[in-house]
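*Asks:* Sequence and predicted structure are below.
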Amino acid sequence: MSNENNQTEYPEIISGGGLMLAWQVKNKEVLIVGGGSVAAQRIVSLLSADANITLVSPEINDECLFRLKECGGITITNDDSEENQLARLSIKPKTGFHTFIHRGFRESDIHAGFALVFTCVNEPVVSRLAYDTSKKYKIPVNVADVPPLCDFYFGAVWREGSIQVMVSTGGKAPGLARVIRSKIGTALTESEDGEQDGGMVAAVESIGRLRALVKEHIPDVKGRMKFVREICDTWTISEIARMKKNEMIHLIKKYPEVPAYSLIYEETQ
Ligand SMILES: C[C@@]1(CC(=O)O)C2=NC(=C\c3[nH]c(c(CCC(=O)O)c3CC(=O)O)Cc3[nH]c(c(CC(=O)O)c3CCC(=O)O)/C=C3\N/C(=C\2)[C@@H](CCC(=O)O)[C@]3(C)CC(=O)O)/[C@H]1CCC(=O)O
Ligand SMILES: NC(=O)c1ccc[n+]([C@@H]2O[C@H](COP(=O)([O-])OP(=O)(O)OC[C@H]3O[C@@H](n4cnc5c(N)ncnc54)[C@H](O)[C@@H]3O)[C@@H](O)[C@H]2O)c1
């Protein structure tokens, strides 16, 4: 039951933002329409997320072509007979940027097998057709630079290891988003003593390993969540980062108590 007193403890709603998510596209099929510089950026983002890519465009720039070759992908041309196309498709690799369709976009290029569609063309009519067709199949779509035709916007992303930070300005200032991204990246890689190191990245990996062990050895879900949260809250990033497997095992034996890292270190020497 809510009452007037505890309502003030709940976060205030500030509407007008986007829903910030880490969309999982691993092994999912996505379609890119266009083969220019924005398409090349989309390819980098999508390959980093382990998606499978088909790209359709009458022209392709060097970077897109480089990615196609890097992935061992195949090119299907307009002159290919249907039989030939099917034969080529049956030998395509299953992952990465696997197919380049070398011609202008057609409505039939979009089908229910695609999880997402990205258009990066300078032809509004093509973008509109790709958008309408995606909507017909209820596929989420991003039309670069046309906010009303976007189910989701891109943002400026900073990434190191498993850590990803995205800056969105809600479509107001994309150029500034990339500047803010750089400032955040610099701030994040500075360790507590001002050194440039990967402490934060190592700490994330370390907590990942600890959580796997904790799940194995502590059956009480609420208790183990509180335990891991307390370690994250009370230990420094560099202490978390340097934790070794034998120290983790020793720490788990102390559950539900969370001692200082120095104690765990001393007791495991
Ligand atoms: C962040 C980034 C990610 C990425 O695309 O990967 C991104 N745009 C980037 C750069 C960039 N885009 C533009 C310029 C030229 C300078 C300028 O105009 O400012 C530059 C700067 C440059 O290239 O340096 C032109 C532009 N962009 C949009 C419009 C339409 C409009 O505003 O109406 C126009 C004007 C067209 C015109 O004038 O007609 C719209 C969108 N661009 C977005 C994302 C989404 C909102 C993001 C947010 O909330 O901030 C959104 C809404 C939809 C989308 O495309 O997803 C990427 C940099 C990150 C990186 O480098 O990693
Ligand atoms: N959001 C962003 O970050 C951002 C930044 C710069 C530009 N843009 C916008 O994105 C769009 C693409 O920009 P770009 O720099 O990649 O342009 P570009 O000219 O490098 O690439 C456009 C591509 O579209 C292809 N194309 C043309 N007709 C086509 C068709 N019928 N079917 C399929 N593909 C077709 C071209 O062959 C080319 O490969 C433009 O509208 C631009 O304004 C967005």
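*Replies:* Good, I have the coordinates. As the structure is a computational prediction, the values presented were derived from the model and not from experiment. Numbers count the residues shown, from 1 in each chain. Ligands and ions are numbered 1, 2, ... in the order given.
*Asks:* Going by C-alpha atoms from here, please, whenever you check contacts or count neighbours.
*Replies:* OK.
*Asks:* and V258, what does it touch?
*Replies:* Applying Cα atoms under 8 Å, 6 or more residues apart in numbering to V258 gives the contacts 227, 230-231, 251.
*Asks:* Mind checking which of the residues you listed are in helices?
*Replies:* Those of the contacts of V258 mapping onto helices are 227, 230-231, 251, per DSSP state H.
*Asks:* Generate a ChimeraX selection restricted to the buried subset of those.
*Replies:* Buried subset of these, written as a ChimeraX selection, criterion 16 or more other Cα atoms under 10 Å:
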select :227,231,251
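*Asks:* Enumerate the residues of the stretch 101-250 of the chain near ligand 2.
*Replies:* Residues of the stretch 101-250 of the chain lying close to ligand 2 by Cα under 6 Å from any ligand atom are 104-105, 120-123, 126, 144-145.
*Asks:* a markdown table please, covering those and showing pLDDT.
*Replies:* Below are those laid out as a markdown table (pLDDT from 0 to 100):
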| residue | pLDDT |
| --- | --- |
| G104 | 96 |
| F105 | 97 |
| C120 | 98 |
| V121 | 97 |
| N122 | 91 |
| E123 | 93 |
| V126 | 97 |
| A144 | 96 |
| D145 | 91 |
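*Asks:* and stretch 128-145, does that touch ligand 1?
*Replies:* Yes - looking at stretch 128-145 against ligand 1 by Cα under 6 Å from any ligand atom, the contacts come from 144-145.
*Asks:* Kindly apply the preceding question to stretch 169-185 instead.
*Replies:* Yes - counting by Cα under 6 Å from any ligand atom, ligand 1 has neighbours in stretch 169-185: 169-175, 177-178.
*Asks:* Return, as residue ranges, the portions of the chain with sub-threshold pLDDT.
*Replies:* Within the chain, the ranges that satisfy pLDDT under 70 run 1-7, 80-93, 191-198.
*Asks:* quick one: the helices in it?
*Replies:* Under DSSP H, the chain gives helices at 4-7, 37-48, 62-70, 82-90, 124-136, 174-189, 199-217, 221-234, 237-242, 245-253, 261-267.
*Asks:* Which secondary structure elements does the fifth one sit against?
*Replies:* Read that as helix 124-136. Judged by 3 or more Cα pairs under 8 Å, 6 or more residues apart in numbering; DSSP states H and E, helix 124-136 is in contact with strand 116-119, strand 141-143.
*Asks:* Thanks again, I'm all set now.
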